[in-house]
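# attaching a predicted model along with its sequence, questions to come.
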Amino acid sequence: MALISACSNGEKKEQTVSANRWYMNSIIYNVEVRVFKDSDGDGIGDFNGLTQKIPYLKSLGVDAVWLAPFQPTSYRDDGYDVMDYYGIDAKIGTKEDFDSFIKAAHKAGIKVVMDVVLNHTSNSHPWYQKARLDSTSKYFNWYVWSKAKPKNFDEGMAFPGVQNETWTYDEVAKRYYFHRFYDFQPDLNFENKEVQAEGKKILTYWLNQGLDGFRLDAVPFIIDKPAEGDDAQPMYNILSNLNATVKKLNPDAILLGEANVAPDKNKVFFGVHGSRLQLMFNFYANQYLFYSLADEHVSTFKEALQKTHEKPAESQWAYFMRNHDEIDLGRLSSKERNKVYEKFGPEKSMQLYDRGIRRRLAPMINDAKKLELCYSLLFSLPGTPVIRYGEEIGMGDDLTLQERLSVRTPMQWSSGANAGFTSGNKPYRPLINMGEYRYQAVNVDLQSKNSQSLLSKIKQLIAARKSHPEIGLGAWNVLDTGTDEVLAIEYTYEGRKSIVVHNFSKRHLEKVEITRNDTSAPIAENAINSAEKVQIKDGRLTLALGGYEYKWYGFKEQ
């Protein structure tokens, strides 16, 4: 189904209404099992602890949980250095514990998506150990090798400033091996048909264990051809084949892609009718969102939204404010990036990889009203909201921890010992126990008792999102507000209409006139404050907006 609506420049543009799939309006919650809840006092979060917290997730309004890697690991990259694709890290539970969690989550109506790292393994993985020992082994061709040091050995690094090369010499194999990430994470060779078959086997196995989908790590690097250089055509057919494997087993299962690509590549990653990725993180818009938040003007973010407007009806953008990595600002100009640094990460210790910021959102924004604005944005943008554990209570960061670990500290449940995370004496990772964001001051228990807390506001916003399905499903249009400080988006779906308005500025705006394309005169009711109603006359909605204020309006025709 398609709608024709007028763009702000007066031109007609076709807007595709999304297919009504479960992932279009779901609230996805990102969890790291090891730092969420410890049930047995050994200091490490586990599946039993996560199962205990399902009622909390349900009360929050979560529809799906995205699990960070939980497979056996060498503990050098927080689980992304996989040693066994078919196992569960013994430190966080047994297969029975995992099964119990899946069963309890599904009983509560919560779907479960797992992180799967197909791009690379740990160098401790048996496949790599066999490969480096024997060049005649089938596993040798499961990785990417070169007898001579490639000329581009120091190009294409995922972690510039930390990595020095992408080709490293293996003394045992007597060859250079390719690694897009750390040198202990050799890339798998997806040009190899056996590796492709293994990838499908991995997904099949976990779907059979009850998973509802996968977050595919580093998608562009799965399908590239490092031996041929940057000019090689990516192997998009791999994504098509992975998707076909998943859909054959479970038509409702999803592939959520981590693919930080330019807008002109979106369609090939999503695939025709969503034949490759059902969901993809909108990294492009996210970078310009942070620039607009720093600059307090919305034009660059509006442009980024328009550039990522078109997508298959079966696919959906995933929006986020913070994830488990750095805030990537690599697509901004140096001037724009420096503006964001100046506002949100002025100290060198707050920056990472010469492109990003390694802070949690609350200390970055450092303003309660603006922080609330950020979350109103998250839950009202045209896509699926993804929120990371602890963000709902405004957790802080620990900049003394290495690289991205700064935003991966244990969940803060209470003011009690070890934040209620563990009854043991030594948490898996240090708790934040000093400063404004210490667990004694920022935790779930305290905020659950306060109707004005961030946690309460997040629950209210999630409820508002659920009452407005047109946001995830409908045609949408950025409206003219007469000021570059205000963003207004109108949504339309099966007779439902809404407008969400955000003032990115700290300035009070006495009169904002929002021009609609529909000249009817409905009454708009504020979904956040139902006591407020405004009349729309001559296609214009006129309102006042306080600094960092936001409003959600649903239309009721007279």
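Arrived safely, thanks for sending. Residues are numbered from 1 along each chain as shown.
# which stretches of the stretch 451-558 of the chain form helices?
Secondary structure of the stretch 451-558 of the chain, counting by DSSP state H, counting those that start in this stretch: helices at 454-466, 470-473.
# is it true that residue 450 touches residue 444?
No - look at residue 450 against residue 444 with CB atoms under 8 Å: they stay out of range, at 11.1 Å. Where C-beta positions appear, they are placed from N, C-alpha and C, glycine not excepted.
# quick one, which of the two is more surrounded?
residue 444 (22 against 10; other CB atoms under 10 Å).
# how far does stretch 389-407 stretch from start to finish?
10 Å (CA to CA, to the nearest Å).
# ok, back up a step: would you reformat the helices of the stretch 451-558 of the chain as JSON lines and include mean neighbour count and mean pLDDT?
Below are the helices of the stretch 451-558 of the chain laid out as JSON lines (neighbours: other CB atoms under 10 Å; pLDDT from 0 to 100):
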{"stretch": "helix 454-466", "mean neighbour count": "20", "mean pLDDT": "96"}
{"stretch": "helix 470-473", "mean neighbour count": "24", "mean pLDDT": "96"}
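# closest to residue 340 out of those helices?
helix 454-466 (22.4 Å; CB to CB).
# and the closest one, how far out from the chain's middle?
In terms of CA atoms, centre = their mean, to the nearest Å, the centre of helix 454-466 is set 18 Å apart from its chain centre.
# give the other helices and strands that that helix contacts.
helix 54-60, helix 368-380, helix 444-448 (3 or more CB pairs under 8 Å, 6 or more residues apart in numbering; DSSP states H and E).
# which regions of this structure sit below the pLDDT cut-off?
1-16, 230, 518-533, 535, 556-558 (pLDDT under 70).
# mind doing that once more with 80?
Counting by pLDDT under 80, the chain contains low-confidence residues at 1-16, 227-231, 517-539, 555-558.
# wait, residue 241 sits on residue 196?
Yes - Residue 241 lies in contact with residue 196 (CB under 8 Å); the separation is 6.7 Å.
# neighbour count for those two, which is higher?
residue 196 (20 against 16).
# got the CA positions of the host helix or strand of the more buried one in CSV?
For residue 196, the host element (DSSP states H and E) is helix 193-208. The C-alpha coordinates for helix 193-208 follow below in CSV (Å, rounded to 0.1, in the frame of the first residue of the first chain):
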residue,chain,number,x,y,z
LYS,A,193,31.2,-22.0,0.1
GLU,A,194,31.9,-24.1,3.2
VAL,A,195,32.0,-21.0,5.4
GLN,A,196,28.8,-19.8,3.9
ALA,A,197,27.2,-23.2,4.7
GLU,A,198,28.5,-23.0,8.2
GLY,A,199,27.0,-19.5,8.7
LYS,A,200,23.6,-20.9,7.7
LYS,A,201,24.1,-23.9,10.0
ILE,A,202,24.9,-21.5,13.0
LEU,A,203,21.7,-19.6,12.4
THR,A,204,19.7,-22.8,11.9
TYR,A,205,21.0,-24.2,15.2
TRP,A,206,20.0,-21.2,17.3
LEU,A,207,16.6,-20.8,15.6
ASN,A,208,16.0,-24.4,16.7
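# buried residues in it?
Neighbour-count burial for helix 193-208, with 16 or more other CB atoms under 10 Å as criterion, is recorded at 195, 196, 198, 199, 200, 202, 203, 206, 207.
# what about it, distance to the chain center?
Taking CA atoms, centre = their mean, one finds the center of helix 193-208 at 24 Å from the center of the full chain.
# next one: stretch 400-418
Computed by CA atoms, centre = their mean, the chain-centroid distance of stretch 400-418 equals 19 Å.
# can you give me the buried ones in it?
403-414, 418.
# stretch 110-124 too?
Within stretch 110-124, the residues scored as buried using 16+ other CB under 10 Å are 110-124.
# pick out the most distant pair among those.
Farthest pair in these, by CB to CB: 110 and 123, 35.2 Å.
# span of stretch 455-474 from start to end?
OK, stretch 455-474 end separation, CA to CA: 28 Å.
# what's next to that stretch, contact-wise?
Contact with stretch 455-474 is made by 17-18, 20, 24-25, 27, 59-61, 316, 372, 375-376, 378-385, 387, 392-393, 444, 447-448, 450, 491-494, 496-498, 500, 527-528, 552, 554, as judged by CB atoms under 8 Å, 6 or more residues apart in numbering.
# which among those residues end up buried?
Buried members of the contacts of stretch 455-474, scored by 16+ other CB under 10 Å, are 17-18, 24-25, 27, 60-61, 316, 372, 375-376, 378-385, 387, 392-393, 444, 447-448, 491-493, 497-498, 500, 527-528, 552, 554.
# can you pull out the strands in the stretch 101-250 of the chain?
Assigned by DSSP state E, counting those that start in this stretch, the stretch 101-250 of the chain shows strands spanning 111-116, 145-146, 167-170, 175-178, 213-216.
# distance of the closest residue to residue 135 other than its chain neighbours from residue 117?
Once flanking residues are discounted, residue 135 sits nearest to residue 173: 7.1 Å by CB to CB, 6 or more residues apart in numbering. Per CB to CB, to the nearest Å, residue 173 is found 22 Å from residue 117.
# and if you look at residue 484?
In terms of CB to CB, residue 484 sits 41 Å off from residue 117.
# quick one, what contacts residue 401?
408, 409, 429, 430.
# quick check, nearest of those to residue 211?
The shortest approach to residue 211 among these belongs to residue 408, at 22.5 Å (CB to CB).
# just checking, residue 118 touches residue 222?
Yes - Residue 118 lies in contact with residue 222 (CB under 8 Å); the separation is 5.3 Å.
# residues shared between the contacts of those two?
Residues touching both residue 118 and residue 222 (CB under 8 Å, 6+ apart): 190, 199, 216.
# quick one, strands of the stretch 451-558 of the chain?
Assigned by DSSP E, counting those that start in this stretch, the strands in the stretch 451-558 of the chain fall at 475-478, 486-493, 496-503, 509-515, 523-526, 533-535, 540-545, 550-556.
# of all these, which lies closest to residue 439?
Minimum separation from residue 439 across the strands of the stretch 451-558 of the chain (CB to CB) falls at strand 550-556, 28.8 Å.
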